[in-house]
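A.B. asks: Below is the structure, and that's it, no one-letter string:
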(Lines give C-alpha, C1' and ligand atoms only; values in the text may rest on other atoms or scores of the structure.)
Protein backbone atom coordinates (compact mmCIF):
# COMPACT_ATOMS: atom_id res chain seq x y z
CA UNK A 1 0.00 0.00 0.00
CA UNK A 2 2.86 2.40 0.86
CA UNK A 3 4.46 1.93 -2.55
CA UNK A 4 1.17 2.59 -4.32
CA UNK A 5 0.59 5.77 -2.31
CA UNK A 6 4.19 6.85 -2.95
CA UNK A 7 3.71 6.26 -6.66
CA UNK A 8 0.47 8.27 -6.70
CA UNK A 9 1.97 11.14 -4.69
CA UNK A 10 5.00 11.19 -6.99
CA UNK A 11 2.65 11.33 -9.97
CA UNK A 12 0.76 14.24 -8.42
CA UNK A 13 4.07 16.04 -7.75
CA UNK A 14 5.22 15.48 -11.33
CA UNK A 15 1.88 16.70 -12.67
CA UNK A 16 2.21 19.82 -10.52
CA UNK A 17 5.70 20.43 -11.90
CA UNK A 18 4.40 20.04 -15.43
CA UNK A 19 1.35 22.29 -14.92
CA UNK A 20 3.41 25.01 -13.21
CA UNK A 21 5.95 25.01 -16.05
CA UNK A 22 8.84 23.95 -13.82
CA UNK A 23 9.80 21.20 -16.27
CA UNK A 24 10.50 23.91 -18.86
CA UNK A 25 14.24 24.53 -18.52
CA UNK A 26 13.97 27.93 -20.23
CA UNK A 27 11.47 29.08 -17.59
CA UNK A 28 13.76 28.01 -14.75
CA UNK A 29 16.77 29.67 -16.35
CA UNK A 30 14.61 32.78 -16.92
CA UNK A 31 14.02 32.94 -13.16
CA UNK A 32 17.78 32.94 -12.58
CA UNK A 33 18.33 35.73 -15.15
CA UNK A 34 17.88 38.62 -12.69
CA UNK A 35 19.40 41.28 -14.94
CA UNK A 36 17.87 40.09 -18.22
CA UNK A 37 14.39 38.85 -19.02
CA UNK A 38 13.53 37.82 -15.45
CA UNK A 39 10.60 35.38 -15.06
CA UNK A 40 9.23 35.56 -11.50
CA UNK A 41 6.93 32.51 -11.90
CA UNK A 42 9.25 30.16 -10.03
CA UNK A 43 9.16 32.38 -6.94
CA UNK A 44 5.39 31.88 -6.72
CA UNK A 45 5.74 28.13 -7.23
CA UNK A 46 8.38 27.94 -4.46
CA UNK A 47 6.26 30.09 -2.15
CA UNK A 48 3.28 27.86 -2.85
CA UNK A 49 5.38 24.87 -1.76
CA UNK A 50 7.27 26.34 1.21
CA UNK A 51 4.21 27.60 3.11
CA UNK A 52 2.28 24.29 3.15
CA UNK A 53 5.49 22.37 3.96
CA UNK A 54 6.23 24.65 6.93
CA UNK A 55 2.71 24.00 8.22
CA UNK A 56 3.08 20.24 7.59
CA UNK A 57 6.32 20.09 9.63
CA UNK A 58 4.49 21.69 12.56
CA UNK A 59 1.46 19.42 12.15
CA UNK A 60 3.53 16.20 12.26
CA UNK A 61 4.96 16.89 15.71
CA UNK A 62 3.78 14.10 18.03
CA UNK A 63 1.97 12.24 15.24
CA UNK A 64 2.62 9.02 13.33
CA UNK A 65 2.11 8.47 9.58
CA UNK A 66 -1.12 6.70 8.65
CA UNK A 67 0.81 4.13 6.60
CA UNK A 68 3.29 3.33 9.38
CA UNK A 69 6.87 4.22 10.10
CA UNK A 70 7.95 7.58 11.43
CA UNK A 71 8.03 11.09 10.04
CA UNK A 72 11.58 12.19 9.22
CA UNK A 73 13.23 14.36 11.81
CA UNK A 74 13.71 17.91 10.62
CA UNK A 75 17.38 18.43 9.89
CA UNK A 76 19.56 20.86 11.79
CA UNK A 77 20.02 24.46 10.83
CA UNK A 78 23.80 24.62 11.13
CA UNK A 79 25.64 25.95 8.10
CA UNK A 80 28.79 23.99 7.40
CA UNK A 81 31.19 23.52 4.51
CA UNK A 82 29.35 20.49 3.14
CA UNK A 83 26.00 22.29 3.08
CA UNK A 84 27.40 25.40 1.41
CA UNK A 85 29.46 23.42 -1.12
CA UNK A 86 26.52 21.16 -1.97
CA UNK A 87 24.19 24.14 -2.30
CA UNK A 88 26.59 25.96 -4.62
CA UNK A 89 27.08 22.87 -6.80
CA UNK A 90 23.32 22.24 -6.91
CA UNK A 91 22.66 25.87 -7.84
CA UNK A 92 25.32 25.87 -10.55
CA UNK A 93 23.90 22.74 -12.13
CA UNK A 94 20.36 24.05 -11.84
CA UNK A 95 21.33 27.35 -13.47
CA UNK A 96 23.30 25.71 -16.29
CA UNK A 97 20.77 23.04 -17.20
CA UNK A 98 17.49 24.30 -15.72
CA UNK A 99 16.71 20.98 -14.04
CA UNK A 100 16.81 19.71 -10.48
CA UNK A 101 15.98 16.13 -9.40
CA UNK A 102 12.15 16.37 -9.48
CA UNK A 103 11.82 17.93 -12.93
CA UNK A 104 14.71 15.77 -14.17
CA UNK A 105 12.75 12.62 -13.37
CA UNK A 106 9.69 14.10 -15.09
CA UNK A 107 11.90 14.97 -18.10
CA UNK A 108 12.60 11.28 -18.65
CA UNK A 109 9.16 11.09 -20.26
CA UNK A 110 9.47 14.16 -22.50
CA UNK A 111 13.05 15.45 -22.40
CA UNK A 112 14.49 13.17 -25.03
CA UNK A 113 18.18 12.31 -24.94
CA UNK A 114 19.07 15.45 -22.94
CA UNK A 115 16.81 14.39 -20.07
CA UNK A 116 18.22 10.88 -20.08
CA UNK A 117 21.81 12.15 -20.07
CA UNK A 118 21.05 14.54 -17.20
CA UNK A 119 19.42 11.82 -15.07
CA UNK A 120 22.31 9.43 -15.80
CA UNK A 121 24.81 12.12 -14.73
CA UNK A 122 22.72 12.87 -11.64
CA UNK A 123 22.68 9.20 -10.64
CA UNK A 124 26.44 8.92 -11.25
CA UNK A 125 26.97 11.95 -9.00
CA UNK A 126 24.82 10.37 -6.28
CA UNK A 127 26.88 7.18 -6.46
CA UNK A 128 30.24 8.99 -6.35
CA UNK A 129 29.32 11.62 -3.73
CA UNK A 130 29.56 9.35 -0.63
CA UNK A 131 33.11 8.29 -1.53
CA UNK A 132 34.16 11.90 -2.08
CA UNK A 133 32.51 12.98 1.19
CA UNK A 134 34.24 10.16 3.07
CA UNK A 135 37.58 11.19 1.65
CA UNK A 136 37.00 14.86 2.51
CA UNK A 137 35.94 13.93 6.05
CA UNK A 138 39.14 11.92 6.52
CA UNK A 139 41.21 15.09 6.15
CA UNK A 140 44.40 15.92 4.29
CA UNK A 141 46.44 13.07 5.83
CA UNK A 142 44.27 10.43 4.16
CA UNK A 143 44.59 11.98 0.68
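C.D. replies: Sure thing, it's come through. These numbers come from a predicted model, not from an experiment. Residues are numbered from 1 along each chain as shown.
A.B. asks: just for this structure, where's the confidence low?
C.D. replies: 111, 139-143 (pLDDT under 70).
A.B. asks: Now with 80, please.
C.D. replies: Within the chain, the ranges that satisfy pLDDT under 80 run 68, 73-77, 82, 106-107, 109-112, 136-143.
A.B. asks: Just want the most central residue of it.
C.D. replies: Closest residue to the average C-alpha location of the chain: residue 101 at 4.8 Å, with Cα atoms, centre = their mean.
A.B. asks: Hmm, that residue is touching residue 123, no?
C.D. replies: No - Residue 101 is beyond contact range of residue 123, at 10.0 Å (criterion: Cβ atoms under 8 Å). Every residue, glycine included, has its C-beta placed from N, CA and C.
A.B. asks: Could you pull out the helices in this protein for me?
C.D. replies: 2-20, 25-31, 41-60, 81-97, 101-107, 112-138 (DSSP state H).
A.B. asks: which residues does residue 68 contact?
C.D. replies: Residue 68 makes contact with residue 2 under the criterion Cβ atoms under 8 Å, 6 or more residues apart in numbering.
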